[in-house]
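Participant: Build me a model from this:
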Amino acid sequence: MFEYNDDTKQDISVAAYYLAEKGNSYDDLCWMLAERQLYLQNNFQKADQNSIKERAIKIFQTNPAYDILCWLISEIDLLLKIKGLRDKKNPHFILD
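Facilitator: As a prediction, this is how the structure comes out:
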């Protein structure tokens with residue numbers, strides 16, 4: 001997958017902090033993570049709403065901590081930004 005150096009971990013931590021500061025609901029974070037996971041799983045194609053909903057429910061049921069959700073979302077966003085820089089595009093949901 002992707003090997004993390006200290007700078008990468010720091011970038012993810014900072015992005016996760018700012019995401020947490022936005023105060024999104026737990027449900028919203030589950031949805032955001034599901035959307036990103038399916039985007040990766042579907043070879044960089046947007047998933048349908050029903051698939052996202054099903055995945056979000058599964059994530060919610062595993063009850064990850066709020067900060068873990070923020071970290072995972074930020075991790076995927078960073079990876080997608082790096083890929084986007086190479087491909088000259090980012091998916092619609094990438095957080096700035």
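Participant: ranges for the helices of this structure?
Facilitator: For the chain, the helices defined by DSSP state H cover 6-21, 26-41, 49-62, 66-87.
Participant: between the ones you listed, which gets nearest to Phe93?
Facilitator: Phe93 lies closest to helix 26-41 among the helices of the chain, at 5.8 Å (Cβ to Cβ). All C-beta atoms are positioned from the backbone trio N, CA, C, and that covers glycine.
Participant: That closest one: which residues count as buried?
Facilitator: Going by neighbour count (16 or more other Cβ atoms under 10 Å), the buried part of helix 26-41 is 29-39.
Participant: now swap in stretch 65-85 and tell me
Facilitator: 69-81.
Participant: Ok, stretch 52-67 next?
Facilitator: So stretch 52-67, judged by 16+ other Cβ under 10 Å, has buried residues 52, 55-56, 59-60, 64.
Participant: In JSON lines, list those along with pLDDT and distance to Glu21.
Facilitator: As requested, these are arranged in JSON lines below (pLDDT from 0 to 100; distance: Cβ to Cβ, whole Å):
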{"residue": "Ile52", "pLDDT": "97", "distance to Glu21": "24"}
{"residue": "Arg55", "pLDDT": "98", "distance to Glu21": "25"}
{"residue": "Ala56", "pLDDT": "98", "distance to Glu21": "22"}
{"residue": "Ile59", "pLDDT": "98", "distance to Glu21": "21"}
{"residue": "Phe60", "pLDDT": "98", "distance to Glu21": "22"}
{"residue": "Pro64", "pLDDT": "97", "distance to Glu21": "18"}
